[in-house]
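>>> Just to be clear, the model below is a prediction. Sequence and coordinates:
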Amino acid sequence: MALFIDIDAQVAVLRDLLGADADVQDLSARMSSFPGEKLVEALGAAAALVRAAERIGIVGAGIVAARSTREAGQDGLAQSRGHRSPAALVQELTGSSHADAQRQVRLGQSILDSDVPTAAEGNETSWSGHDAVPVLSDTAPPRMPWHAPLSAALLQGRLSPAQQDAIQRGLSQPTDDSDDTHAAWTAAAEQLIADAGCRTVEELRIQARAIRDHLDPEGAARRFAERYERRSFRTWIDADGRERGHIEFEDEGAAWMRAIRDAALRPRRGGPRFVDSDEANNARDLAADSRTNNQLFYDLLIDLLRAGALADAKDVFGARQAGVRLVQVQAADGTPTSARTEDYGMPFPFASIQQHVCESGTVQVTIDSRGNPLDAGREHRLFTPPQRIALAIRDGGCRWRGCDRPASYGEAHHIDEWHADRGRTDIDRGILLCRHHHMQLHHGGWRITREGKGEFLLHPPGGEPAIPLRARAALVAAWAGIDPPPRRFRPAIA
């Protein structure tokens with residue numbers, strides 16, 4: 001759709017909803033009277049209008065940067081208006097934060113670098129290989145930048161600026177300039193664009209990093225070591241006499257800290273309900289506690305520091321002790337292909353995985369190329385512990401669209417009712433949901449279906465179209481790989 005046709009369409013929707021005579025001071029009163037569906041429609045139209053207009057600003061910011069180079073000196077566009085950098089000029093013009101202005105400049109420069117031809121609506125251009133640009137003469141076209149699909153998707157409205165920035169910065173620059181490597185990064189960008197419609201920005205950022213580490217294992221180990229070297233903890237006293245602190249984590253420390261937080265605050269943050277009576281009582285006490293989550297977490301860390309190595313873990317955490325479970329995917333010949341944390345899907349280098357294997361041992365779970373593991377038929381009413389591990393490996397956390405609850409917070413839901421449907425306790429017929437979404441499913445008229453080993457489909461109440469429930473973003477690369485990656489990086493999935 002042409003830019004101003006899109007803008008006019010969204011303006012027309014808002015005019016119909018709010019009335020042609022709407023004044024800004026009337027917005028609260030008018031929108032407060034909207035039923036739910038009308039309010040959602042208004043928010044969607046407003047968001048689409050902002051995204052359409054934002055494309056103009058991003059392209060403009062890129063051109064400002066192109067006209068404000070160091071070589072231009074004081075004659076540069078930003079410099080001639082008294083600004084040190086293009087981002088400073090953009091910040092003044094837009095009233096945005098410096099970080100947002102920098103992002104606009106960064107994305108605008110990517111668009112100019114790509115010199116992107118926009119595809120007609122419904123005709124998405126594939127940028128893999130040398131057929132990305134139509135050949136209009138006998139001369140072969142220059143190779144487009146690997147990030148050209150991202151710029152095209154942004155201009156076509158298929159990506160938001162935040163999504164493009166998360167993907168492009170997460171993938172970073174290719175390891176070399178070979179055709180194979182260039183094709184792999186381009187294919188990774190296209191895969192992430194395809195996933196963007198059902199992923200949060202945070203998921204896309206994690207997935208992009210996981211794919212980058214998958215394509216560049218040597219670089220992944222180097223970056224892991226660099227983050228380890230940057231680890232630090234410092235304290236200082238501010239002007240008001242308050243002791244303050246700042247921590248920069250390395251990967252393992254960060255994973256442990258998340259595990260401690262999640263274990264301690266599970267009743268507050270949507271952990272599973274199916275626990276013993278003592279833990280249920282503790283959970284009720286914690287839910288009723290007047291302290292904020294941040295205060296509870298602080299008090300917990302102080303208690304841990306006081307108790308030190310002599311603490312009984314159950315005294316601190318109750319029945320569910322904190323821990324970090326690492327998932328290593330292997331090919332049929334035993335060759336490692338990827339490794340990541342079970343919760344959140346953070347990538348880990350293989351050397352660290354092997355260290356944990358020596359310390360803690362392993363639990364082997366055999367899966368197919370879609371991450372589907374073992375079955376238990378109707379032998380058990382509830383999913384067994386090995387199956388729960390397998391569900392966590394396959395799903396990565398709550399599968400409800402947009403939910404960020406980790407696997408350790410998941411409840412295993414049978415999509416076939418045990419009694420009414422003679423449901424089987426198979427991994428194929430189970431799915432992880434957090435407590436909130438599990439309760440919403442059972443009490444809100446939602447249901448989940450699946451044909452064979454295809455996608456899980458969430459059916460809203462009222463007959464609205466079904467919503468595919470994708471596995472966590474970081475796991476997609478682990479099971480399926482990137483098509484086509486450089487041959488030397490191509491994984492073999494068991």
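Now that the structure is in, tell me what you want to look at.
>>> got the CA coordinates for stretch 176-191 in PDB?
Only the C-alpha atoms of stretch 176-191 are listed here, as PDB (Å, rounded to 0.1, in the frame of the first residue of the first chain):
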ATOM      1  CA  ASP A 176      33.600 -12.600   6.700                       C
ATOM      2  CA  ASP A 177      32.600 -11.300   3.300                       C
ATOM      3  CA  SER A 178      32.200 -14.700   1.500                       C
ATOM      4  CA  ASP A 179      29.100 -15.500  -0.500                       C
ATOM      5  CA  ASP A 180      28.200 -18.400   1.800                       C
ATOM      6  CA  THR A 181      28.400 -16.300   5.000                       C
ATOM      7  CA  HIS A 182      26.500 -13.400   3.400                       C
ATOM      8  CA  ALA A 183      23.800 -15.800   2.300                       C
ATOM      9  CA  ALA A 184      23.500 -17.300   5.800                       C
ATOM     10  CA  TRP A 185      23.100 -13.900   7.500                       C
ATOM     11  CA  THR A 186      20.500 -12.800   4.800                       C
ATOM     12  CA  ALA A 187      18.600 -16.100   5.300                       C
ATOM     13  CA  ALA A 188      18.700 -15.500   9.100                       C
ATOM     14  CA  ALA A 189      17.300 -12.000   8.600                       C
ATOM     15  CA  GLU A 190      14.500 -13.400   6.500                       C
ATOM     16  CA  GLN A 191      13.600 -16.100   9.000                       C
END
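>>> got the buried residues for it?
Of the residues in stretch 176-191, 181, 182, 183, 184, 185, 186, 187, 188, 189, 190, 191 count as buried by neighbour count, 16 or more other Cβ atoms under 10 Å. To be clear about C-beta, it is placed using only N, CA and C from the backbone, and glycine gets the same treatment.
>>> and if you look at stretch 240-256?
Buried residues in stretch 240-256, counted by 16+ other Cβ under 10 Å: 249, 250, 251, 252, 254, 255.
>>> From the residues you listed, pick the one nearest residue 11.
Distance to residue 11, by Cβ to Cβ, is smallest for residue 254 among those, at 44.9 Å.
>>> quick one: that closest one is in a strand?
No. Residue 254 is assigned helix when assessed by DSSP: H, G, I helix; E, B strand; the rest coil, not a strand.
>>> What separation do you get for it and residue 439?
Distance, residue 254 to residue 439, using Cβ to Cβ, to the nearest Å: 30 Å.
>>> And residue 153, by the same measure?
36 Å.
>>> quick one, which of the two is more surrounded?
Neighbour count, other Cβ atoms under 10 Å: between residue 153 and residue 439, residue 153 has more, with 26 against 14.
>>> Return the closest of the buried residues of stretch 176-191 with respect to residue 408.
residue 191 (27.4 Å).
>>> ok, then the element right after the host helix or strand of the closest one?
Secondary structure from DSSP states H and E places residue 191 in helix 179-195. Next in sequence after helix 179-195, counting helices and strands by DSSP H and E, comes helix 201-215.
>>> Would you mind checking the average pLDDT for that following helix?
What helix 201-215 shows for mean pLDDT is 87.
>>> how far does stretch 63-70 stretch from start to finish?
Terminal residues of stretch 63-70 are spaced 14 Å apart (Cα to Cα, to the nearest Å).
>>> Show the pLDDT at residue 358.
Residue 358 carries a pLDDT score of 58 in this model.
>>> how close does residue 52 sit to residue 155?
10 Å.
>>> Oh, that last question was meant for residue 245, not what I typed.
Distance from residue 245 to residue 155, counting by Cβ to Cβ: 44 Å.
>>> Please apply the same query to residue 247.
For residue 247, the distance to residue 155 (Cβ to Cβ) stands at 40 Å.
>>> What segments of the stretch 151-300 of the chain are helices?
Assigned by DSSP state H, counting those that start in this stretch, the stretch 151-300 of the chain shows helices spanning 161-171, 179-195, 201-215, 217-229, 251-265, 277-288, 293-307.
>>> worst average pLDDT in those helices?
The weakest mean pLDDT among those belongs to helix 277-288, with a mean of 70.
>>> on that earlier part again, tabulate the helices of the stretch 151-300 of the chain (CSV), appending distance to residue 403.
Shown next, in CSV, are the helices of the stretch 151-300 of the chain (distance: least, Cβ to Cβ, whole Å):
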stretch, distance to residue 403
helix 161-171, 18
helix 179-195, 16
helix 201-215, 10
helix 217-229, 27
helix 251-265, 14
helix 277-288, 20
helix 293-307, 18
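>>> which stretches of the protein have low pLDDT?
Within the chain, the stretches with pLDDT under 70 are 1, 116-141, 269-280, 282-283, 306-340, 342-347, 349-386, 417-426, 472-494.
>>> Would you map the strands across it?
Secondary structure of the chain by DSSP state E: the strands cover 232-237, 243-248, 326-330, 336-341, 410-414, 430-434, 447-450, 456-459, 467-469.
>>> According to the record, where do the domains of this structure fall?
Split into domains by automatic domain parsing, the chain comes to 3-130+140-221, 385-470.
>>> closest to residue 234 out of those?
With respect to residue 234, and counting by Cβ to Cβ, the nearest of those is domain 3-130+140-221 at 22.9 Å.
>>> now the end-to-end length of the closest one.
Terminal residues of domain 3-130+140-221 are spaced 44 Å apart (Cα to Cα).
>>> Pull the number of nearby residues for the nearest residue to residue 460 once chain neighbours are set aside.
Computed as Cβ to Cβ, 6 or more residues apart in numbering, the closest residue to residue 460 that is not its neighbour in sequence is residue 446, at 6.1 Å. By other Cβ under 10 Å, the residues close to residue 446 number 15.
>>> pretty sure residue 446 is in contact with residue 459, am I right?
Yes. In terms of Cβ atoms under 8 Å, residue 446 counts as a neighbour of residue 459; the distance is 6.5 Å.
>>> Now do residue 458 against residue 392, distance only.
Going from residue 458 to residue 392 by Cβ to Cβ gives 19 Å.
>>> oh, I was asking about residue 156
Separation of residue 156 from residue 392 (Cβ to Cβ) stands at 36 Å.
>>> same deal with residue 96?
Distance, residue 96 to residue 392, by Cβ to Cβ: 40 Å.
>>> So between those two, which is more surrounded?
The residue with more neighbours, out of residue 96 and residue 392, is residue 392; 21 against 16, by other Cβ under 10 Å.
>>> So what's the residue count around the residue lying closest to that one once chain neighbours are set aside?
Computed as Cβ to Cβ, 6+ apart, the closest residue to residue 392 that is not its neighbour in sequence is residue 407, at 3.7 Å. For residue 407, the count of nearby residues is 26 (other Cβ under 10 Å).
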